[in-house]
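Student: Following is a predicted model, sequence given first.
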Amino acid sequence: MPKSDLRQFNYSKVAKLDTDMWRSYYNHQFLKMFFQLLRLMRTQLHMNWLIIFQLAYHAGVAATQYRLKRGNEDYNKALKHLTKFYELISKNCIEPFDYKKAGELELEWWDIHRYPKKYKKSLEQSLAEALAVVYSVDPKSLKDYAHYRKAAMLLPNHQGDSQLNPPSWQKIEDLLIKSWCSAHKVVQK
């Protein structure tokens with residue numbers, strides 16, 4: 001089975017799917033989020049459907065558990081699924097990476113986003129470090145990626161679309177396009 005080149009992705013499609021997935025996550029539409037994860041993984045990673053299904057399962061379980069257990073997170077369970085998620089990617093791509101570190105850094109930025117006062121590290125730094133591990137690039141080169149992604153992350157809140165002033169999903173998508181475009185330029189070098 002051919003291995004995937006993680007550096008080859010359509011950043012605008014990835015940003016659109018990312019936005020849709022975030023919206024489902026914030027609105028507790030977890031089954032919908034699972035199908036969006038399938039599409040996102042297929043669009044970004046270009047792997048076979050069996051692996052894509054496994055990836056969406058592990059990412060979905062980790063995100064759902066973390067989302068629903070606010071204040072009572074099961075970090076070990078989330079980390080187990082995130083590690084398995086990144087292990088599958090690493091084993092099926094042409095440039096393997098430290099999947100354990102990738103899982104730890106992913107969970108770290110989730111937690112920094114949720115509990116910023118608990119950490120000395122900024123959300124931007126954590127986002128850059130997490131993606132840098134996957135692509136084996138200098139985290140400093142992902143400064144713009146992290147900046148735009150953080151800006152997008154600060155717009156929705158955990159009330160989803162049910163709040164009086166729901167977030168502008170178009171603005172979130174625009175920021176994610178800038179974020180993924182920036183990351184794409186970095187990983188192409």
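Tutor: Ah, there it is.
Student: where does the chain dip in pLDDT?
Tutor: Along the chain, segments meeting pLDDT under 70 span 1, 157-164.
Student: So which residues of it form helices?
Tutor: 11-26, 30-45, 49-68, 75-91, 99-114, 123-135, 143-153, 169-188 (DSSP state H).
Student: Would you format the ones you listed as TSV with distance to residue 2 and mean neighbour count included?
Tutor: Backbone N, C-alpha and C define where each C-beta goes, glycine included. Formatted as TSV, the helices of the chain follow (distance: least, C-beta to C-beta, whole Å; neighbours: other C-beta atoms under 10 Å):
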stretch	distance to residue 2	mean neighbour count
helix 11-26	20	20
helix 30-45	12	19
helix 49-68	12	18
helix 75-91	13	18
helix 99-114	19	20
helix 123-135	19	22
helix 143-153	27	21
helix 169-188	19	19
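Student: Turn those helices into JSON lines, including distance to residue 5.
Tutor: Converted to JSON lines, those look like this (distance: least, C-beta to C-beta, whole Å):
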{"stretch": "helix 11-26", "distance to residue 5": "14"}
{"stretch": "helix 30-45", "distance to residue 5": "9"}
{"stretch": "helix 49-68", "distance to residue 5": "15"}
{"stretch": "helix 75-91", "distance to residue 5": "12"}
{"stretch": "helix 99-114", "distance to residue 5": "17"}
{"stretch": "helix 123-135", "distance to residue 5": "11"}
{"stretch": "helix 143-153", "distance to residue 5": "19"}
{"stretch": "helix 169-188", "distance to residue 5": "10"}
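Student: between those helices, which one is nearest to residue 3?
Tutor: helix 75-91 (8.7 Å; C-beta to C-beta).
Student: How about the contacts made by residue 8?
Tutor: residue 46 (C-beta atoms under 8 Å, 6 or more residues apart in numbering).
Student: try 10 Å
Tutor: Listed by C-beta atoms under 10 Å, 6 or more residues apart in numbering, the contact set of residue 8 reads 44-46, 94, 184, 187-188.
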